[in-house]
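Peer 1: predicted structure and sequence below. I'll ask about it afterward.
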Amino acid sequence: MIEKESKKELSGFFEDFLKKEPIIHEKTVLKSNYNPDEILHRDDQINQIAQTLAPALRETKPSNLFIYGKTGTGKTVSVKHTTDQILKVAEKNSNKNLRILYINCKLKKIADTEYRLIAQLARELGKDIPVTGLPTDEVYNIFFAVLEKQGVTLVLVLDEIDQLMKKTGDEILYNLTRINAELSHSQVSIIGISNDLVFADNLDPRVKSSLSEEEIIFPPYNALQIQDILRSRAEKAFRKEVLEPGVIEKCAAYAAREHGDARRALELLRVSSDLAERRGQMKVSVSDIDEAEEKIERERVVDIVIAQPKQFQATLYSIISVYLKNRDMVSTGEAYLVYKNICSRIGLRPLTQRRFSDIVSELDMLGIINARVTSKGRYGRTREIELAINDTILLKIRNILEKDLEG
DNA sequence: GTCAATTCACATGAAAGAGACCACGGTCTAGTG
DNA sequence: CTAGACCGTGGTCTCTTTCATGTGAATTGACGA
């Protein structure tokens, strides 16, 4: 009976699906890796990048460039856009000696350590380097040799460079900035892109001065600018009149609230139109956006949590347990006690408190919890841990963890 | 009441170990002509 | 004779432990008004 019902519904569903015209007709436009032809509200920055890079066309070394700006302010897009253009021009004038390497330092297993970064660079230049097994300076030598042999002007774009520095220190940058002294046929200049505005302050002053010969700051977009961006993308992505009035404004407002993150705005728009389409609506309404936001957040957290190693999950689980019990700030000590219990229950070797403490701050960085150190005077010093996720998601996470840990 | 010393409960740093990977070169083995 | 299997060595990377040191303010206790 029930089955019959659902079968009928299912075929009906497919029929309806076919009859309907899709809301979205060009989905990729809304994806974050889409490369638009024109970049709005970034003319100044693009011009600056272009001016800095232009000497490369005459085979003189461009100044090193440092770009700051929060996520979703168009840094990567602008740089890619500019470098694409300059490459085109170089090609047209048959200048074969300009090479641009774009590397995202955050990518695990590719460029998140000194060895891997240099190895990756050498690989991009066409030299095969083993994933591991060679001494780091050997890799440097190989890289130098290739570079010297090819005799090129190399522009190295290091995206999310702050991540790399945080993990490995600034030695790489020091070595890279010094490269030119050792090369006679090639030259290298570096474009560093960082989300972290104060990042350069912790850098070795020598590195800092040579790296930031030029600096560009990408300010956050304001709500109006985000609206413009959304509109231009929406025009390509949707059929006419699909978006109810106010939708774009609301997406923009949400994103502007989060330090003007255009990427986020686009994601909101994409997910809410997805939801609307799946539900068979003909239009995207304002209320879809709220739902989209909830969905994005939920998926983000769930994805992060299930990708964590066991120890992290156990840590998080213990924090959640304590939090749900007394609905208050959790201290490291409390959580650690519970954690040890959980470990013995599920047969996991408990880590030391030292490590536990590190895991807590790593969870903090992932944005699942908020932890800040406070001193309670006579009663010591600890992290006060709060969950950074709302209760519905929290319970869901707890269930997932419970299953994962028992299993 | 004031002020410096004390004290708590961890935070934070540094160094080093364990174990997983991996490349490389040398040696051994089995298959081939 | 040679290709491939099989070591041992030396390297990186990640996660972790051990040992040491740091730290911010409530509390304490001495001191002087």
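Peer 2: Cool, the structure landed.
Peer 1: pLDDT score for the nearest residue to residue A:171 once chain neighbours are set aside?
Peer 2: Sequence neighbours aside, residue A:114 is the residue nearest to residue A:171 in space, at 6.7 Å (criterion: C-beta to C-beta, 6 or more residues apart in numbering). Just so you know, the C-beta spots here come from the backbone N, C-alpha and C atoms, and that holds for glycine as well. Residue A:114 is assigned a predicted lDDT (pLDDT) of 77.
Peer 1: so the closest residue to DNA strand C within the stretch 201-350 of chain A is in which element?
Peer 2: Scanning the stretch 201-350 of chain A for proximity to DNA strand C using C-beta to the nearest atom of the strand identifies residue A:311 as nearest, at 4.4 Å. Assessed by DSSP states H and E, residue A:311 sits inside helix A:310-326.
Peer 1: quick one: neighbours of residue A:237, just the number.
Peer 2: For residue A:237, the count of nearby residues is 24 (other C-beta atoms under 10 Å).
Peer 1: for residue A:62, what are its contacts?
Peer 2: With contact taken as C-beta atoms under 8 Å, 6 or more residues apart in numbering, residue A:62 is in contact with A:52-56, A:153, A:155, A:189.
Peer 1: cool, and residue A:213?
Peer 2: A:63-65.
Peer 1: and these, which are buried?
Peer 2: Using 16 or more other C-beta atoms under 10 Å as the burial test, these include A:63-65 as buried.
Peer 1: of these, just say which sits nearest to DNA strand B.
Peer 2: Looking across the buried ones among the contacts of residue A:213 and measuring by C-beta to the nearest atom of the strand, the closest to DNA strand B is residue A:64, at 27.2 Å.
Peer 1: wait, isn't that closest one in contact with residue A:212?
Peer 2: Yes. The criterion here is C-beta atoms under 8 Å, and residue A:64 meets it with residue A:212 at 7.0 Å.
Peer 1: got the contacts of residue A:213 as CSV, with secondary structure, distance to residue A:145 and pLDDT columns?
Peer 2: Shown next, in CSV, are these (DSSP: H, G, I helix; E, B strand; the rest coil; distance: C-beta to C-beta, whole Å; pLDDT from 0 to 100):
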residue, secondary structure, distance to residue A:145, pLDDT
A:63, coil, 26, 92
A:64, coil, 23, 91
A:65, strand, 26, 91
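Peer 1: pipe those into JSON lines and attach distance to residue A:103 per row.
Peer 2: Output for the contacts of residue A:213, formatted as JSON lines (distance: C-beta to C-beta, whole Å):
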{"residue": "A:63", "distance to residue A:103": "19"}
{"residue": "A:64", "distance to residue A:103": "15"}
{"residue": "A:65", "distance to residue A:103": "15"}
